[in-house]
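# sequence and predicted structure below; questions after.
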Amino acid sequence: MSDSQPKPRVDAVIVGAGLAGLYQLHRLRELGSTARVIEAGGDIGGTWYWNRYPGARCDVESLSYSYSFSPELEQEWTWTEKYPTQPEILRYINHVADRFGLRDGITFNTRVASAVYDEATKRWRVDTDTGESIDAQFVIMATGCLSMSKTPEVPGVDRFEGPTYHTGHWPHEGVDFTGQRLGVIGTGSSGIQSIPKFAEQASELTVFQRTANFAMPAGNRPLEDSEISEMKDNYREWRKAQKESGFGVPVPEATHSALEVSEQERNAKYQAGWDKGNLVAIMTAYTDTLTDKAANDTAAEFVRFKIRETVQDPEVAEALSPDSHPMGTKRPCLDSGYYETFNSEHVHLVDLRKTPLVEITEKGVRTSEQDYEFDSIVFATGFDAMTGTLAAIDIRGKDGVELKEKWNEGPRTYLGIAIAGFPNLFTITGPSSPSVLSNMMVSIEQHVDWITDCISYLRQRQLAEIDATVEAEDGWVAHVEEVGNYTLYPTADSWYMGSNVPGKPRVFMAYIGGVGVYRQKCDEVAAKDYEGFSLSA
Ligand code: NAP
């Protein structure tokens, strides 16, 4: 579009039509604002649109992984299983979009290529890869934390002659691996969920593991009618508890150090969490599980014992037992038969710590020790998390500063919502907010509500611009780091730390202060007329 043509003018461009973008559109419409959602995918759903690999489920229970903003929606939607499958979550998202009439506000199959702030008009010019240019007062990034997938950093990724797949971009029509020799690289959440499913089809399945991860059985099952109606009767109380909790998943507060109780008492408590299939229950069973290595070791050893108990071949059990990071400091997983899968004769584990991955070849995978031939390869190798998607858009704020330049040494934000020098730009569940360390639904709703209130505040006072101050941003960055350093998280090479992407700065990119505490801080900022921001007419 040439500069002389009039651009569509809206109050806000929302980037992404996942759970965050849809709710943001709904809230802005309620406010009477005009908004356009730009979505790269062919339909709504975000993460749940792309991640369709077999076995994909959410690790937060169905009854908690849902919007809380509409009591009517809560009552009319009925989840079927303890943990929701990807297809069921996608059905839910579609139901929400239809119920609240959101589809007409979304442009699909379109990427935002750039967003440039004009200091004279105090508005953003947003350009898409389809050649459209939109004039907006606000840009709201609802781009998700794990949306830019990555393949392994070894030569030859494009050389393999057979088909390759990434769990984060799974073909919509599904894939049948029946009778195939299949190689899978990666044992994070996506690998751990999909590997048992792949083993049901492949004639030979070889799993390449660089880091053994902690997983525990999800204990998934159909929901009882009585549990559903009990939750529906008590949703308001439950939502309040979610909002005030540490991780957006209410669990009883720990009262003791893991080191001040007997081994017997400890293991009974871990066993109870294990039986419930509740990750948060184990990770927060004691006050110091995430802050003290010795305390953490007690939980880690409990899981390693379970692995040894489940996996018949002691050498394989040893290789599957995580020992390179404290439990929880890389995202732990819920599984359905993961460790049991390695008891099948046609399933093989390759420990890349002993025999590193060298390259992908025409026929398969080469390690330092051996060549493996496959019919297909699956990359379950994760994402350039938290910042990758934002850095891929050419975002320029005041004085033409590029966001990716500003974030050269790691992301800097105020509250994970705003970025100094990038006025009127908001990041839903952005870096340095609780985001990935929480039930995303709780954090998404909190951010969307905060942003909507902020936009309403500006409108009422006829203010054109809100920008975080550098001082407030510096203070928040320091606080996030300080709280992070109090925990074991920075000791691990995890995607939380950016360590899964070569060359990415090593910075802890989430706020571990807890969603309840964080919400209070955000509310205080708003109550003090947006303390830490400069506002102008
Ligand atoms: P991930 O946790 O980053 O796991 C990627 C795996 O690939 C890791 O085992 C990693 O090893 C391996 N890998 C990456 N690059 C490699 C290389 N060059 N050579 C060898 N191995 C390599 O990614 P993910 O499993 O897709 O999960 C990402 C996040 O998405 C999760 O942590 C979770 O937050 C979310 N998720 C949630 C669910 C759920 O709720 N159920 C399901 C799926 C994903 P290293 O560990 O050594 O780097």
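Done, it's in.
# and the helices in the stretch 101-250 of the chain?
When secondary structure is read from DSSP state H, counting those that start in this stretch, the stretch 101-250 of the chain shows helices at 189-201, 225-244.
# so A392 touches K150, yeah?
No - with contact taken as C-beta atoms under 8 Å, A392 and K150 are classed as non-touching, separated by 11.8 Å. For every residue, glycine as well, the C-beta is placed using N, CA and C.
# nearest residue to V358 other than its sequence neighbours?
Once its chain neighbours are removed from consideration, V358 has its nearest residue in R366; the separation is 4.6 Å (C-beta to C-beta, 6 or more residues apart in numbering).
# ok, now which ones touch the one you found?
With contacts defined as C-beta atoms under 8 Å, 6 or more residues apart in numbering, R366 is in contact with 357-360, 372.
# likewise R331?
With contacts defined as C-beta under 8 Å, 6+ apart, R331 is in contact with 188-189, 436, 494-496.
# near the ligand too, which of those residues?
Taking C-beta under 6 Å from any ligand atom, the overlap between these and the neighbourhood of the ligand is 188-189, 436, 495.
# which one of those residues is nearest to the ligand?
The closest of the ones next to the ligand among the contacts of R331 to the ligand turns out to be G188 (C-beta to the nearest ligand atom; 2.2 Å).
# separation between the closest residue to that closest one other than its chain neighbours and Q24?
Using C-beta to C-beta, 6+ apart and skipping the chain neighbours, the partner closest in space to G188 is G382 (5.5 Å). According to C-beta to C-beta, to the nearest Å, G382 stands 26 Å off from Q24.
# who has more neighbours out of these two?
Neighbours were tallied for G382 and for Q24 using other C-beta atoms under 10 Å; the higher tally belongs to Q24 (28 against 24).
# give me the contacts around the strand or helix carrying the more buried one.
Assigning secondary structure by DSSP states H and E places Q24 in helix 19-31. Surrounding helix 19-31, the residues in contact under the criterion C-beta under 8 Å, 6+ apart are 11-12, 14-15, 17, 34-35, 37, 39, 44, 46-48, 67, 69, 93, 96-97, 100, 102, 105-106, 140, 142, 144, 428-429, 440-441, 444-445, 447-449, 451-452, 455-456, 459.
# check which element follows it along the chain.
Following helix 19-31 in sequence order, the next helix or strand is strand 35-38 (DSSP H and E).
# distance from that next one to the middle of the chain?
Distance, stretch centre to chain centre, for strand 35-38: 22 Å (C-alpha atoms, centre = their mean, to the nearest Å).
# got phi/psi on the residue nearest to V358?
Main-chain torsions, R366, degrees, to the nearest 10: phi -110, psi 130.
# separation between it and the ligand?
R366 sits at a distance of 12 Å from the ligand (criterion: C-beta to the nearest ligand atom, to the nearest Å).
# okay, the residue lying closest to E253 once chain neighbours are set aside and the ligand: tell me how far apart.
In space, not counting the residues next to it along the chain, E253 is nearest to T284; the distance is 8.0 Å by C-beta to C-beta, 6+ apart. From T284 across to the ligand, the span is 17 Å (C-beta to the nearest ligand atom).
# so for Y339, what's the pLDDT?
For Y339, the pLDDT comes out at 98.
# again, but for the one 10 residues further on
On pLDDT, L349 comes in at 98.
# state the number of residues packed around it.
L349 is surrounded by 21 other residues when neighbours are defined as other C-beta under 10 Å.
# which elements pack onto the helix or strand harbouring it?
If you go by DSSP H and E, L349 is part of strand 347-351. Using 3 or more C-beta pairs under 8 Å, 6 or more residues apart in numbering; DSSP states H and E as the contact definition, the elements that strand 347-351 packs against are strand 204-209, helix 314-320.
# of these, flag the one that's most buried.
Of all these, strand 204-209 has the most neighbours on average by mean count of other C-beta atoms under 10 Å, namely a mean of 23.
# paired strands for it, with orientation please.
Each strand pairing with strand 204-209, determined using DSSP bridges, is listed with its direction: strand 181-185 (parallel), strand 347-351 (parallel).
# anything in the last one near the ligand?
Yep, that's strand 347-351 we're talking about. No - using C-beta under 6 Å from any ligand atom, strand 347-351 stays clear of the ligand, with a minimum separation of 10.1 Å.
# how far does the longest strand that the chain contains sit from the chain's center?
Of all the segments of type strand in the chain, defined by DSSP state E, the longest one is strand 133-141. Remark: strand 133-141 is offset 24 Å from the chain centroid, using C-alpha atoms, centre = their mean.
# so which elements touch it?
Counting by 3+ C-beta pairs under 8 Å, 6+ apart, the packing neighbours recorded for strand 133-141 are strand 9-15, strand 123-128, strand 425-427.
# could you give me the buried positions within it?
Residues of strand 133-141 classed as buried by neighbour count (16 or more other C-beta atoms under 10 Å): 133-141.
# OK, contacts around the residue of the stretch 301-450 of the chain found nearest the ligand?
Using C-beta to the nearest ligand atom, the closest approach of the stretch 301-450 of the chain to the ligand is made by G382 at 2.5 Å. Residues near G382 by C-beta under 8 Å, 6+ apart: 146, 149-150, 168, 186, 188, 190, 495, 500.
# quick check: closest non-adjacent residue to K269.
Nearest to K269 is A285, by C-beta to C-beta, 6+ apart, at 5.0 Å.
# distance-wise, check that neighbour relative to D59.
Between A285 and D59 the distance, using C-beta to C-beta, works out to 17 Å.
# shaky segments in this structure?
Applying pLDDT under 70 to the predicted model, the residue ranges of the chain that meet it are 1-4.
# which residues of it lie near the ligand?
Counting by C-beta under 6 Å from any ligand atom, the residues of the chain lying close to the ligand are 57-59, 146, 152-154, 167, 185-191, 193, 210-211, 331, 352, 357, 380-383, 436, 495, 500.
# D523 should be in a helix, yeah?
Yes - using DSSP: H, G, I helix; E, B strand; the rest coil, the assignment for D523 is a helix.
# now do the helices in the stretch 301-450 of the chain.
314-320, 338-341, 388-392, 403-406, 440-460.
# export these as a markdown table, with columns for distance to E227.
Formatted as a markdown table, the helices of the stretch 301-450 of the chain follow (distance: least, C-beta to C-beta, whole Å):
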| stretch | distance to E227 |
| --- | --- |
| helix 314-320 | 33 |
| helix 338-341 | 25 |
| helix 388-392 | 36 |
| helix 403-406 | 45 |
| helix 440-460 | 18 |
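# other residues contacting stretch 336-355?
For stretch 336-355, contacts defined as C-beta under 8 Å, 6+ apart pick out 55, 192-193, 195-196, 199, 202-211, 215, 217-218, 220, 306-307, 310-313, 316, 319-320, 324, 367-370, 372.
# one more pass at 6 Å, please.
Surrounding stretch 336-355, the residues in contact under the criterion C-beta atoms under 6 Å, 6 or more residues apart in numbering are 192, 195-196, 199, 204-208, 210, 215, 218, 307, 310-312, 316, 319, 367-369.
# domain parsing for this protein?
9-148+385-531, 164-379 (automatic domain parsing).
# any idea how far D129 is from A537?
Here the criterion is C-beta to C-beta. By it, A537 lies 34 Å from D129.
# ignore what I typed, I meant Y23.
25 Å.
# so those two - more neighbours on which side?
Ranked by neighbour count (other C-beta under 10 Å), Y23 and D129 place Y23 first, with 26 against 13.
# how near is that one to M441?
Counting by C-beta to C-beta, the gap between Y23 and M441 amounts to 9 Å.
# identify the residues contacting the residue in the stretch 1-150 of the chain that the ligand sits nearest to.
Ranked by C-beta to the nearest ligand atom, the top residue of the stretch 1-150 of the chain for proximity to the ligand is D59, at 3.6 Å. By C-beta under 6 Å, 6+ apart, D59 lies in contact with L334.
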